[in-house]
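Peer 1: Can you look at this prediction? I've put the sequence above it.
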Amino acid sequence: MNWLDTILQGVLLGGLYALFAAGLSLVFGIMRLVNLAHGDLIVLAAFLILVLATTLGINPFVAAVIAMPLMFAIGWALQYFLLNRTLGKDILPPLLVTFGLSIVIQNGLLESFSADSRRVFAGRLESASVNLGPVTAGIMPLMTFFSAVAVIVCLNQLIYRTSVGRAFRATSDDPVTAGLMGIRPQRIFAMATGLAMVVVTIAALYLGTRANFDPTSGPSRLIYAFEAVIIGGLGSLWGTLAGGIILGVAQTVGAAMNPEWQILAGHLAFLAVLLFKPRGLFPRAVD
Amino acid sequence: MALIETRGLTAAYGDFQALFGVDIAVGTGETIAIIGANGAGKTTLMRSISGVIANEPASILYRNEPIGGLPAPDILARGIAMVPEGRKLFPSLSVEENLLIGRYGRTVDGPWTLDSIFGLFPILKERRSNPSTALSGGQQQMVAIGRALMSNPDVLLCDEISLGLAPVVVRDIYAAFPRIRETGASIVIVEQDIAQALKVADRVYCMMEGRVTLSGRADDLSRDDIHKAYFGTDHHELA
């Protein structure tokens, strides 16, 4: 087998996992909320893109741009009206509520779209590729990877260079004192989840064009997202990208050795990191 | 007319009542000190005024408006900023970012800008890029005061700013107060160090067990009166 090619494909696949995980990482970093419905929200966004693309007869990339503000609004409202009420000293209520939300979304999608698996068509772009010396890379996987890098650069700029980003970090440190600065933590949390849903929409675009999805695809996306976040270290967005890449490379190398080993190899890599670096590779969060 | 007034202010944490009808008044441009032993209710009073604790709306008046029920961001927006007990800097933010976030909820032009805060506490300019956790306790307190000033408040509440600091550092910090007063802001200082409080304040309230036990002009109060109000007894041994 061609090792270079296998690793390149794994890195590019890692971009997709990083996109799955970036929203999860952002939300966890700011409000210590683990959103078990994250994968289902990705699938929801994929259906939204599908509906927009087919009913309006537009390119899925344009559909995704239209879906972004809609998903931002959904995320904002979800956080402001529901999830904010679950946040507190006890970590159980948000887990239970987002677990329930996951079931609600899956069944809602099942009712609306049936159990058929769907995909989003991106035309000739799907099979286009480019030669990079000894290896060949698909245009879509390349776009996926660079979108992931762009998302993480943008989120880092937002968090470390803007006034809103300062408010994000301050609220994450200490919501009560943040209130004394005129920050309303409830709105900061809502904005963070809204942003996470914008990232989710980008992830959904590449999920939907890369592979089939159906209403029950969410939880397996959540697992990859979780693993990427944990491998990278909680609260670090660059770590999340590294986590996605490690997961992607482990999967393609596993698949190259034996196609049955693809998924297993990813999970084994995850366990190996947990074993040697229980806090992940680049942990930022203190608690 | 008082700028801030509390009227029969009560506050409780669950079953534990911390304030039993506190009446204080702060005039425009006035500096008052609130003194009292641990557990007297001083910090609860500060937390009530700043909106961290919700109270009966009419029990706290600001420019004759009932503000007792408002949350902290609404209180700040009206021009009341707090330096919380224990400084409470944001560890994820640099010194400069900690200062900048002070004006997140209230951007009002006034005497205080990043530059004038650096003028007030020059050491902070040198350390502007450091994480706030890398500073000494005194420097952290300067950041906490600067952060509150960044909103150009009309009222500055300072909760126990000398707590845990060496006397020489406390003197440095209090040296900044004349310049804060010059801007016309009213200042409320919670202080356990009676001598320091009497030096900086126009008027003093002494609290004990959730009540005001003594109040008056700083020059008029005798040491005996204060001791009596502070410890609640005529017969005391100095600890």
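Peer 2: Happy to help now that I have it.
Peer 1: Same question for stretch A:143-162: list its buried residues.
Peer 2: By 16 or more other Cβ atoms under 10 Å in any protein chain shown, the buried positions in stretch A:143-162 come out as A:143-145, A:147-148, A:151-152, A:155, A:159. Every C-beta, even on glycine, is put in place using the N, C-alpha and C of the backbone.
Peer 1: In helices, which of those fall?
Peer 2: Cross-referencing the buried residues of stretch A:143-162 against helices under DSSP state H gives A:143-145, A:147-148, A:151-152, A:155, A:159.
Peer 1: for the record, mean pLDDT for the helix or strand harbouring residue B:224?
Peer 2: Residue B:224 belongs to helix B:223-231 when elements are defined using DSSP states H and E. For helix B:223-231, mean pLDDT is 81.
Peer 1: Contacts for that helix next, please.
Peer 2: With contacts defined as Cβ atoms under 8 Å, 6 or more residues apart in numbering or on different chains, helix B:223-231 is touched by B:35-37, B:194, B:204, B:206, B:208, B:213-214, B:216, B:234, B:236.
Peer 1: Any chance of the residues you listed in a markdown table with pLDDT, secondary structure and distance to residue A:125 as columns?
Peer 2: Formatted as a markdown table, those follow (pLDDT from 0 to 100; DSSP: H, G, I helix; E, B strand; the rest coil; distance: Cβ to Cβ, whole Å):
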| residue | pLDDT | secondary structure | distance to residue A:125 |
| --- | --- | --- | --- |
| B:35 | 92 | strand | 73 |
| B:36 | 89 | strand | 72 |
| B:37 | 86 | coil | 73 |
| B:194 | 86 | helix | 76 |
| B:204 | 93 | strand | 75 |
| B:206 | 92 | strand | 76 |
| B:208 | 90 | strand | 76 |
| B:213 | 89 | strand | 78 |
| B:214 | 89 | strand | 80 |
| B:216 | 88 | strand | 81 |
| B:234 | 55 | coil | 89 |
| B:236 | 50 | coil | 85 |
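Peer 1: Assign a three-state SS to whichever residue of the stretch 101-250 of chain A sits closest to chain B, would you?
Peer 2: Closest to chain B within the stretch 101-250 of chain A is residue A:182: 1.0 Å, counting by Cβ to the nearest Cβ. When classified by DSSP: H, G, I helix; E, B strand; the rest coil, residue A:182 comes out as coil.
Peer 1: Look at it and report its pLDDT.
Peer 2: Note on residue A:182: pLDDT of 95.
Peer 1: Quick check: the gap between it and residue A:54.
Peer 2: 45 Å (Cβ to Cβ, to the nearest Å).
Peer 1: How about residue A:256?
Peer 2: Distance, residue A:256 to residue A:54, by Cβ to Cβ: 36 Å.
Peer 1: who's more crowded, the two?
Peer 2: For residue A:256 and residue A:54, the more surrounded residue by other Cβ atoms under 10 Å in any protein chain shown is residue A:256, and the numbers stand at 19 against 14.
Peer 1: quick one: buried residues of the helix or strand encompassing the more buried one?
Peer 2: Assessed by DSSP H and E, residue A:256 sits inside helix A:237-257. For helix A:237-257, the neighbour count (16+ other Cβ under 10 Å) marks A:237-256 as buried.
Peer 1: And chain B, is that helix touching that?
Peer 2: No - Helix A:237-257 is not in contact with chain B by Cβ under 8 Å from any Cβ of the partner chain; minimum separation 13.8 Å.
Peer 1: Tell me where the model's unsure across the stretch 1-150 of chain A.
Peer 2: Along the stretch 1-150 of chain A, segments meeting pLDDT under 70 span A:1.
Peer 1: Tell me where it has helices.
Peer 2: Ranges of helices within the stretch 1-150 of chain A are A:3-31, A:38-56, A:60-77, A:92-113, A:139-161, based on DSSP state H, counting those that start in this stretch.
Peer 1: Could you dump the ones you listed into CSV with distance to chain B added?
Peer 2: Converted to CSV, the helices of the stretch 1-150 of chain A look like this (distance: least, Cβ to the nearest Cβ, whole Å):
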stretch, distance to chain B
helix A:3-31, 10
helix A:38-56, 23
helix A:60-77, 18
helix A:92-113, 20
helix A:139-161, 9
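Peer 1: For the helix holding residue A:256, enumerate the helices and strands it packs against.
Peer 2: Helices and strands touching helix A:237-257, by 3 or more Cβ pairs under 8 Å, 6 or more residues apart in numbering or on different chains; DSSP states H and E, are helix A:3-31, helix A:139-161, helix A:218-232, helix A:262-276.
Peer 1: List just the one of those helices that sits closest to residue B:12.
Peer 2: Ranking those by proximity to residue B:12 (Cβ to Cβ) places helix A:3-31 first, at 28.6 Å.
Peer 1: Packing partners of the closest one?
Peer 2: helix A:38-56, strand A:135-138, helix A:139-161, helix A:163-173, helix A:185-210, helix A:218-232, helix A:237-257.
Peer 1: ok so, going back, what is the burial count for the residue of the stretch 101-250 of chain A closest to chain B?
Peer 2: Residue A:182 has 22 neighbours, counted by other Cβ under 10 Å.
Peer 1: if I look at the residue nearest to it when sequence neighbours are not counted, how far off is residue B:46?
Peer 2: With Cβ to Cβ, 6 or more residues apart in numbering or on different chains as the criterion, residue A:182 has its nearest non-adjacent residue at 1.0 Å, and that residue is residue B:105. According to Cβ to Cβ, residue B:105 and residue B:46 sit 18 Å apart.
Peer 1: And residue A:199, by the same measure?
Peer 2: From residue A:199 to residue B:46 the distance is 40 Å (Cβ to Cβ).
Peer 1: Of those two, which one has the most company?
Peer 2: Neighbours per residue (other Cβ under 10 Å) separate residue A:199 from residue B:46, with residue A:199 holding more: 30 against 23.
Peer 1: ok, that one touching residue A:21?
Peer 2: No - contact between residue A:199 and residue A:21 fails when scored by Cβ atoms under 8 Å: they sit 9.3 Å apart.
Peer 1: for the residue nearest the centre of chain B, what are its contacts?
Peer 2: For chain B, the residue nearest the mean C-alpha position is residue B:158 (1.8 Å; Cα atoms, centre = their mean). Listed by Cβ under 8 Å, 6+ apart, the contact set of residue B:158 reads B:82-83, B:145, B:148, B:187-190.
Peer 1: Try it again at 6 Å.
Peer 2: B:83, B:189 (Cβ atoms under 6 Å, 6 or more residues apart in numbering or on different chains).
Peer 1: wait, is it part of a helix?
Peer 2: No - counting by three-state DSSP, residue B:158 falls outside a helix, being strand.
Peer 1: For it, which residues count as its bridge partners?
Peer 2: Beta-bridge pairing of residue B:158 under DSSP bridges involves residue B:83, residue B:189.
Peer 1: how near is it to residue A:123?
Peer 2: Applying Cβ to Cβ to residue B:158 and residue A:123 gives a distance of 65 Å.
Peer 1: Please apply the same query to residue B:124.
Peer 2: Here residue B:124 is placed at a distance of 57 Å from residue A:123 (Cβ to Cβ).
Peer 1: Quick check on those two: which one has the bigger neighbour count.
Peer 2: Counted by other Cβ under 10 Å, residue B:124 and residue A:123 do not tie: residue B:124 has more neighbours, with 22 against 10.
Peer 1: ok, the more buried one to residue B:117 distance?
Peer 2: In this structure, residue B:124 and residue B:117 are 7 Å apart, going by Cβ to Cβ.
Peer 1: Next, please give the residue ranges for the strands of chain B.
Peer 2: For chain B, the strands defined by DSSP state E cover B:2-13, B:16-27, B:31-36, B:60-62, B:65-66, B:80-83, B:155-159, B:186-191, B:203-208, B:211-217.
Peer 1: Great, nothing more from me.
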